[in-house]
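>>> 3D, please:
(one chain, ligands or ions: 2)
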Amino acid sequence: MRINNLPEIFIQALPVLKTLTTAGYEAYFVGGSVRDLLLERHIHDVDIATSAYPEEVKELFTHTIDTGIQHGTVTVLYGDSSYEITTFRTESGYQDYRRPDKVEFVQNLAEDLKRRDFTINALAMDQDGEIRDLFDGLTDLNQKLIKAVGDPEQRFHEDALRMMRAVRFMSQLKFTIEAKTEAAIKDHHELLSKISVERIRDEFIKMCLGQNARQAFQVFLNTELSEEVPDFRGKKEQLSVFPSLTFAPSTEASAWAVIIILLKLPNEEIARFMRDWKNSNAMAKRVEEIIYFFDLLSDHTPTSFELYQAGLEVVVSACDVSRILGQPVNSEALVDQYTALPIKKDSELAINGGDLIKWGLKPGPALGENLATIKEKVVSGELANDVESIKEFFLS
Ligand SMILES: Nc1ccn([C@@H]2O[C@H](COP(=O)(O)OP(=O)(O)OP(=O)(O)O)[C@@H](O)[C@H]2O)c(=O)n1
Ligand SMILES: [Mg+2]
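Ligands and ions are numbered 1, 2, ... in the order given. The predicted model follows:
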């Protein structure tokens, strides 16, 4: 099979490929970019595999970065882009079910492709747009199947993260996982415990945000992968609500919020949960704010000041979470109410602490209390946001 009209991202990379082939090496586009080209999906980067050794690659290009020399990867800067160029290799000598510390270089493309995770990721394309399909990846693409290359057990022993990648691709691509591949995940789910939480988290979140998130989540539960990730062990019953939600979450923060609410975690455990998953403090804080506002929405219609304190993003996310969990709120009305607030942030208040001191207040706790009262009155529309009105109110 030959692709005639290559998208711009490949055209731009062609000189890199041709530099390698002109020097007598083999070079191909490989991995996700070829898969996404054939699926007509957005292509975010283009990776290259070559028979040249890293040192040989470095000699051919002016600007290179030693990204992972021990894994055979050199980054080449060319035009406005950068390309990861990896020497044909196998991943031998796995002791710990993670990617190996050292790799073995091999001389041909076939050896390289056969150690890749799934047939749809084991396609290569040469500089003429000719597709090299050694493992029937094209058939599986057409049948929308995620199927391990060769023996699934071997592939998952080489890198146990691949089991999470299977459910992630299932979600993102709206594919199903081929029966033997899924059975191997179920049989070896416990290998996932060897993988770092950060790597699992990245795949998990991609799974939750893909177009087929709910179906993939069901497989994540069925295969027991869910037993090997932080805080999910023994929680299948609570988590099994996710696949039956009417909508799936659309942002990372709302995904975490939905999951935490399904798990019925008490508020004081949210921070720990987020830490267990190695999330950033900023993400943890955001999720706490969303859950706080979600609880508030379930209790009463927020006041203007509550909207102000939450901020637009949290309001929108909390509405999203409510909708996902089948407790619809009138989010348009809330957004309108927010948009109409006289001020959106503290710095927009017409006065500050300095003005209050000028008007005779002593520095101390009363200062903050007075400022807070004024802010609340301005936000709720009881007091106009101009110096004169505020001064009059303050001195009265
Ligand atoms: N655990 C892994 C990770 C990657 N790969 C191979 O390396 C390629 C590139 O990996 P990566 O960029 O992580 O994934 P992509 O398939 O390109 O998906 P994405 O679109 O998310 O980048 C994959 O296509 C696959 O051939 C693999 O075999 N096993
Ligand atoms: Mg990729």
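
>>> what's the pLDDT at the residue in the chain that ligand 1 sits nearest to?
Of all residues in the chain, Gly32 sits closest to ligand 1, with a separation of 2.2 Å (C-beta to the nearest ligand atom). The C-beta positions use only the backbone N, C-alpha and C, and glycine is treated the same way. What the model reports for Gly32 is a pLDDT of 96.

>>> Repeat that for Thr90.
Looking at Thr90, its pLDDT reads 87.

>>> Same question for Asp320.
At Asp320, the model reports a pLDDT of 94.

>>> Glu252 is in contact with that one, correct?
No: judged on C-beta atoms under 8 Å, Asp320 makes no contact with Glu252 at a distance of 11.9 Å.

>>> Between these two, which is the more surrounded one?
Between Asp320 and Glu252, Asp320 has the larger neighbour count (other C-beta atoms under 10 Å), namely 22 against 17.

>>> which stretches of the stretch 1-150 of the chain form helices?
Ranges of helices in the stretch 1-150 of the chain, per DSSP state H, counting those that start in this stretch, are 8-22, 32-38, 54-60, 109-113, 137-142.

>>> what's in contact with the longest helix seen in the chain?
The residue-count maximum for a helix in the chain (DSSP state H) belongs to helix 281-299. Residues from elsewhere that reach helix 281-299, judged by C-beta atoms under 8 Å, 6 or more residues apart in numbering: 252-254, 256-257, 260-261, 267, 270-271, 274-275, 279, 302, 306, 310-311, 313-315, 317-319, 321-322, 327, 329.

>>> which parts of the helix or strand just after it are buried?
Using DSSP states H and E, the helix or strand that follows helix 281-299 in sequence is helix 304-310. Judged by neighbour count using 16 or more other C-beta atoms under 10 Å, the buried positions of helix 304-310 are 304, 307-310.

>>> What's the mean pLDDT across helix 304-310?
For helix 304-310, the mean per-residue pLDDT is 96.

>>> Show me what it is packed against.
helix 281-299, helix 331-339, helix 365-379 (3 or more C-beta pairs under 8 Å, 6 or more residues apart in numbering; DSSP states H and E).

>>> redo that, cut-off 6 Å
Packing partners of helix 304-310 (3 or more C-beta pairs under 6 Å, 6 or more residues apart in numbering; DSSP states H and E): helix 365-379.

>>> now the helix it packs on, how far from the centre of its chain.
40 Å (C-alpha atoms, centre = their mean, to the nearest Å).

>>> got it, and stretch 227-239?
Averaged C-alpha coordinates place stretch 227-239 at 20 Å from its chain's average position (C-alpha atoms, centre = their mean).

>>> what's the answer for stretch 389-396, then?
Worked out by C-alpha atoms, centre = their mean, stretch 389-396 lies 50 Å from the chain centre.

>>> quick one: contacts of that stretch?
351, 359, 374, 383 (C-beta atoms under 6 Å, 6 or more residues apart in numbering).

>>> If we go by neighbour counts, what in it is buried?
Within stretch 389-396, the residues scored as buried using 16+ other C-beta under 10 Å are 390-391, 394.

>>> do stretch 223-242 as well
The neighbour-count check on stretch 223-242 (16+ other C-beta under 10 Å) flags 223-232, 235, 239, 241-242 as buried.

>>> do the same with stretch 180-200
For stretch 180-200, burial by neighbour count (16+ other C-beta under 10 Å) applies to 181-182, 184-185, 188-189, 191-192, 195, 199-200.
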